[in-house]
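In: Below are the sequence and a predicted model; questions follow.
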Amino acid sequence: MGKLIWHELSRYISLTASVYAVWASFWGFFFRKFFWDFIGGTLRAPGGLQPSPKVAIFITVIVKHPIVQIATMALGFIMITLEYPLPVLKGTAIHRSIILRVVLLTIQASGTVLFYQGTNAALWSLIAVMFYIRALMLREKMEEGKRNTGPVEQA
């Protein structure tokens with residue numbers, strides 16, 4: 001058998017989670033629902049479950065104005081450009097940084113868990129974060145980073 005390369009596995013999971021986050025954000029524009037509205041809500045006979053007035057800020061930024069969906073979509077596109085790199089980013093320090101990916105995926109998971117369509121993207125983003133942390137604990141380096149380190153030629 002071979003040795004599992006954790007950052008490659010987490011790269012594929014992160015790419016899938018980011019595409020899912022963009023897709024969920026797209027559907028979140030049309031079907032706006034705050035996922036955690038059932039906590040502390042009031043059940044009314046002719047109206048169903050009414051969210052608590054304590055979560056009015058979330059209703060504003062998710063249901064009335066899709067700010068969370070727009071931010072999640074933008075962050076999803078940023079993560080896609082990091083995981084499936086643009087030619088401009090390939091081999092740069094930003095592209096090789098595992099810590100940056102952990103931070104961005106954590107932010108992406110925090111945003112996608114708020115609206116109903118993004119809960120699966122949040123779950124897969126957190127799984128990718130755990131695998132990236134495992135890669136950091138094993139001191140894995142990205143392949144582009146390994147190729148860039150070598151003896152310096154004297155001119």
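Out: Cool, got the structure. Residues are numbered from 1 along each chain as shown.
In: roughly how far apart are residue 132 and residue 41?
Out: Computed with Cβ to Cβ, to the nearest Å, the distance linking residue 132 and residue 41 is 36 Å. All C-beta atoms are positioned from the backbone trio N, CA, C, and that covers glycine.
In: So for the two, which sits in the more crowded spot?
Out: A side-by-side neighbour count of residue 132 and residue 41, using other Cβ atoms under 10 Å, places residue 132 first with 24 against 15.
In: What lies in contact with the helix or strand containing that one?
Out: Following DSSP states H and E, the helix or strand that holds residue 132 is helix 119-137. The list of residues contacting helix 119-137 from outside it, by Cβ atoms under 8 Å, 6 or more residues apart in numbering, reads 5-7, 9-10, 13-14, 16-18, 20-21, 24, 35, 76, 98-99, 101-102, 105-106, 108-110, 112-113.
In: pull the CA atoms of that helix into CSV?
Out: Taking only C-alpha atoms (Å, rounded to 0.1, in the frame of the first residue of the first chain), the coordinates of helix 119-137 have been written out as CSV:
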residue,chain,number,x,y,z
THR,A,119,-25.5,22.8,6.0
ASN,A,120,-23.9,20.0,4.0
ALA,A,121,-21.3,22.4,2.7
ALA,A,122,-20.5,23.4,6.3
LEU,A,123,-20.2,19.7,7.3
TRP,A,124,-17.8,18.9,4.5
SER,A,125,-15.8,22.1,5.1
LEU,A,126,-15.3,21.1,8.7
ILE,A,127,-14.2,17.6,7.6
ALA,A,128,-11.7,19.2,5.2
VAL,A,129,-10.4,21.4,8.1
MET,A,130,-9.9,18.3,10.3
PHE,A,131,-7.9,16.6,7.5
TYR,A,132,-5.8,19.8,6.8
ILE,A,133,-5.0,19.9,10.6
ARG,A,134,-4.0,16.3,10.4
ALA,A,135,-1.7,17.2,7.5
LEU,A,136,-0.2,20.0,9.5
MET,A,137,0.4,17.7,12.5
